[in-house]
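Asks: Pasting the sequence and the predicted model now:
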Amino acid sequence: AIGVVLEGRDLIAVAQTGTGKTAAYLLPIINRLAEGDFPDDAINCIIMVPTHELAQQIDRQLEGFSYYLSISSVAIHGGTDGKEFARQQQGLKLGADVVIATPGRLLAHMKMGYVDLSRVSCFVLDEADRMLDMGFYDDILQIVKQLPADRQTLMFSATMPPKIQQLASTILN
C-alpha cells in the first residue's frame, strides 16, 4: 500500500484489524506532506473514521510519526465540550495539514459555513466497513461532494461487503 500511496494513486485495501493499516497510509501521507508544496492555510488531507476514540488514536499516532516535522493536525469528533469544539473550529478555519474526523462532527462544522475542503489533496476512509455499518454512507457522500475531483482517495477496511464495493466504485478513480 505504501508504494501506491506515494505514487498518488487511489487505493482500496482490505486487511484484518491489527495488521498496520494506519501506518500504511499515515507514513506515506506524512512523507508526501513533508516533501510536497502544500498550502499552509488549507486542509490538505482528511482521514474519516467512525469513532471519536479512533480519531484521537490516529491523531496521537500522527503526532508521534511526524514529531520532527512541521505537519499540523486536528481531530474533529463529538463527545467534547465547548472549549474543545472551539479548538476544532479554529483548526478548521486556519487550515490543518491533516484533519482526522468523524463524519457527523465534520458535517456539523461544515454546516456552519467555515470549512473549506476545496484544496484537499488526499481523502482517507479508515474502517470503511464499520462506518457503513454505523449508517454513515450518506454523510460520507455529502462530504465527498465538497472535495475536489482531482484528489487521491484511499479506503481501508477489514471486510469487503457489497456496500463497500458500491462506495468504492462511487468515489475511487
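Replies: Received it, and whenever you're ready, just let me know what you need.
Asks: buried ones in the least confident helix or strand in the chain by mean pLDDT?
Replies: Of all helical and strand segments in the chain, the minimum by mean pLDDT, DSSP states H and E falls on helix 162-171, at a mean of 86. Residues of helix 162-171 classed as buried: I164, L167, A168, I171 (neighbour count, 16 or more other CB atoms under 10 Å). The C-beta positions use only the backbone N, C-alpha and C, and glycine is treated the same way.
Asks: Spatially central residue for this protein, please.
Replies: I47 (0.9 Å; CA atoms, centre = their mean).
Asks: now it: how far from P162?
Replies: Separation of I47 from P162 (CB to CB, to the nearest Å): 24 Å.
Asks: Could you pull up the residues touching the residue nearest to the centre of the chain?
Replies: Taking CB atoms under 8 Å, 6 or more residues apart in numbering, we find I47 in contact with Y25, I58, V98, V99, I100, A101, V124, D126.
Asks: got the contact list for the second one?
Replies: To tie it back to what came earlier, the one meant is I58. Counting by CB under 8 Å, 6+ apart, I58 makes contact with T22, L26, I47, V49, A75, I100, D126.
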